[in-house]
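J.: Sequence plus the predicted model coming up.
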Amino acid sequence: MGEYQKHQRATGVVPAHLQAGFDVRCEWGLAGVEALAPTSDVVVVVDVLSFTTCVAIAVANGAGVLPYRFRDETASDFAVRSGALLASSRAGGGYSLSPASLLEIPAGTRLVLPSPNGATISLAAQGVRIIAACLRNAPAVARAAAGFGARIAVIPCGERWPDGSLRPALEDWLGAGAVIASLNGSKSPEAMAAERLFAAARGELTGLVRSCASAREIIDRGFASDVELARELDCSDVVPVLMDGEFRAWV
């Protein structure tokens, strides 16, 4: 019995939905990573606004980021046990899911950073290498991912509607496409669609990210600088890899 058939027996997900037969695959959100991770060599998590942008900035400064479940009452105890700081809310000051709040985070800092999408999805991909990607480091992530193996799952995290269902987010689809554009190997139609969206949008990338629904929400809350940081393309060579529960720079 092949790998995909075994996965189908264990999960009920048919091989077609796993985009079987392609090296580079792309699927949305928590269900997507749970489906694709077991048949992947590496999973690339994309949450442009704002988890993976925060991770890229903090790790570039020499900090470590420990993803954690969102609104979990055990986060504070976990931070203490880990010798880490616990991120606050955006409005609370201090380090938070605001990329701008992390621009000056000192090297050696360990930060527990809960989030409803990027952190939760990073924790869900068990038994496989996890990389945090955003627009800022997409080409560097692609190069590193290719070094871990040919079977690469790119996961745009998306956002949530009030009822908890997935809201596909334009910025994450663009970020996924930016990674896929720098990858070789056979690509599923879903991966090709993300790549072609990015290629078509590249000349207008700044405006599209700034005016998409997720960005407008953040700007309306007074955090326009976060959007400006998140929309920057290929400005960092740092590759955050999840190692022992902590995103650190891969060297």
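T.: Right, received. Where do you want to start?
J.: now the strands for the stretch 101-250 of the chain?
T.: Here the stretch 101-250 of the chain has its strands, by DSSP state E, counting those that start in this stretch, at 110-114, 129-133, 152-156, 159-160, 166-167, 240-243, 246-249.
J.: dump the residue contacts of residue 113.
T.: Contact analysis of residue 113 by C-beta atoms under 8 Å, 6 or more residues apart in numbering lists 51, 54, 55, 58, 65, 66, 67, 68, 87, 95, 97, 119. Where you see a C-beta, it was placed from the backbone N, CA and C, and this is true even at glycine.
J.: ok, these vs residue 194, which is closest?
T.: residue 51 (18.5 Å; C-beta to C-beta).
J.: For the closest one, give me the pLDDT.
T.: pLDDT, residue 51: 98.
J.: Now it: phi and psi?
T.: Phi and psi for residue 51, reported as degrees, to the nearest 10, are phi -60, psi -50.
J.: Just give the number of residues close to it.
T.: Neighbours of residue 51 under the rule other C-beta atoms under 10 Å: 30.
J.: One more: the one 5 residues further on?
T.: Here the number of neighbours of residue 56 (other C-beta under 10 Å) works out to 31.
J.: Which secondary structure state does it sit in?
T.: Using DSSP: H, G, I helix; E, B strand; the rest coil, the secondary structure recorded for residue 56 is helix.
J.: wait, it sits on residue 138?
T.: No. Residue 56 is beyond contact range of residue 138, at 9.8 Å (criterion: C-beta atoms under 8 Å).
J.: In contact with residue 225, which residues?
T.: Counting by C-beta under 8 Å, 6+ apart, residue 225 has contacts 99, 100.
J.: ok, now residue 33?
T.: Shown in contact with residue 33 (C-beta under 8 Å, 6+ apart): 27, 43, 45, 121, 124, 125, 153, 155.
J.: and what of residue 162?
T.: Going by C-beta under 8 Å, 6+ apart, the list of residues near residue 162 is empty.
J.: Then residue 218?
T.: 49, 50, 224, 226, 227.
J.: pLDDT of stretch 178-193, averaged?
T.: 98.
J.: What's the end-to-end length of that stretch?
T.: One end of stretch 178-193 sits 11 Å from the other (C-alpha to C-alpha, to the nearest Å).
J.: Buried residues in that stretch, which are they?
T.: Buried residues in stretch 178-193, defined by neighbour count with 16 or more other C-beta atoms under 10 Å: 178, 179, 180, 181, 182, 183, 187, 188, 190, 191, 192, 193.
J.: same thing with stretch 20-38?
T.: 20, 22-30, 32-38.
J.: could I have it exported to CSV, CA atoms only?
T.: Extracted in CSV, the C-alpha atoms of stretch 20-38 (Å, rounded to 0.1, in the frame of the first residue of the first chain):
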residue,chain,number,x,y,z
ALA,A,20,-0.8,13.4,-4.8
GLY,A,21,1.9,13.1,-7.4
PHE,A,22,3.3,16.7,-7.1
ASP,A,23,6.4,17.8,-5.3
VAL,A,24,5.1,21.3,-4.4
ARG,A,25,1.6,21.5,-3.0
CYS,A,26,-0.5,24.3,-1.6
GLU,A,27,-3.5,24.1,0.7
TRP,A,28,-5.3,26.4,3.1
GLY,A,29,-5.3,26.6,6.9
LEU,A,30,-5.4,24.1,9.8
ALA,A,31,-7.2,21.4,7.9
GLY,A,32,-4.8,21.8,5.0
VAL,A,33,-1.6,21.4,7.1
GLU,A,34,-3.1,18.4,8.9
ALA,A,35,-3.8,16.8,5.5
LEU,A,36,-0.5,17.6,3.8
ALA,A,37,2.1,17.5,6.5
PRO,A,38,2.3,13.6,6.9
